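In: Next comes the sequence, and after it the predicted model I'd like to discuss.
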Amino acid sequence: MTLKKLVKSACVAAAVMTLATGAMAQSVKLQAHEIDALLSGNTAVGKWDGAKYHQYFDADGSTIYAQKGARSTLGQWRVDEDRAEYQSIWPRDTEWEGWYVMEYAGAFYWVSKTTPPTPFRVIEGQQLGVE
């Protein structure tokens with residue numbers, strides 16, 4: 001193989017690897033059934049406005065939001081099939097608020113029009129102990 005062909009082959013291989021890596025790292029918006037399967041009976045863990053939280057999503061539609069040093073809050077949650085979004089309503093709210101759930105590079109994110117993507121992870125079952 002000539003040097004010119006070798007360099008060309010190496011460039012093509014590098015381009016293919018770059019495209020493959022880029023495709024694997026694309027963000028994906030979860031569909032309604034995926035959001036339900038991810039959250040139902042499990043706990044989301046992350047930081048909201050700089051404070052650590054745990055939020056449990058019961059299969060009956062109730063949700064508990066817990067932060068260290070604060071009183072837990074009981075709300076309701078659902079998945080909107082048409083919008084493919086998680087929605088919640090809390091005691092002082094008048095309307096349901098919706099969030100898309102995105103997955104990027106193996107991590108999950110809450111996404112809305114008013115806040116930047118907020119990462120979270122999911123742990124199995126009800127685990128409200130915030131450290």
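Out: Right, received. Where do you want to start?
In: drop to CA atoms for contacts and neighbour counts, all remaining ones
Out: Will do.
In: mind checking which helix or strand Leu38 is in?
Out: Element membership for Leu38 (DSSP states H and E) is helix 32-39.
In: which strands and helices sit next to that helix?
Out: Helices and strands touching helix 32-39, by 3 or more C-alpha pairs under 8 Å, 6 or more residues apart in numbering; DSSP states H and E, are strand 73-80, strand 85-89.
In: roughly how far apart are Asp36 and Leu30?
Out: Separation of Asp36 from Leu30 (C-alpha to C-alpha, to the nearest Å) stands at 10 Å.
In: so where do the helices sit in the chain?
Out: Using DSSP state H, the helices of the chain run over 3-24, 32-39.
In: so the last one versus strand 85-89, what angle?
Out: By that I understand helix 32-39. Here helix 32-39 runs at an angle of 60 degrees relative to strand 85-89 (axes from the mean of the first three to the mean of the last three C-alpha atoms, to 10 degrees).
In: what's the angle between helix 32-39 and strand 73-80?
Out: Put simply, helix 32-39 runs at 150 degrees to strand 73-80, going by the same axes, to 10 degrees.
In: List the contacts of stretch 90-109.
Out: 24-30, 35, 73-76, 84-89, 110-112, 117-121 (C-alpha atoms under 8 Å, 6 or more residues apart in numbering).
In: ugh, wrong one, stretch 71-79
Out: 32, 35-36, 57, 61-66, 85-91.
In: Distance from that stretch to the middle of the chain?
Out: Chain-centre distance of stretch 71-79: 17 Å, with C-alpha atoms, centre = their mean, to the nearest Å.
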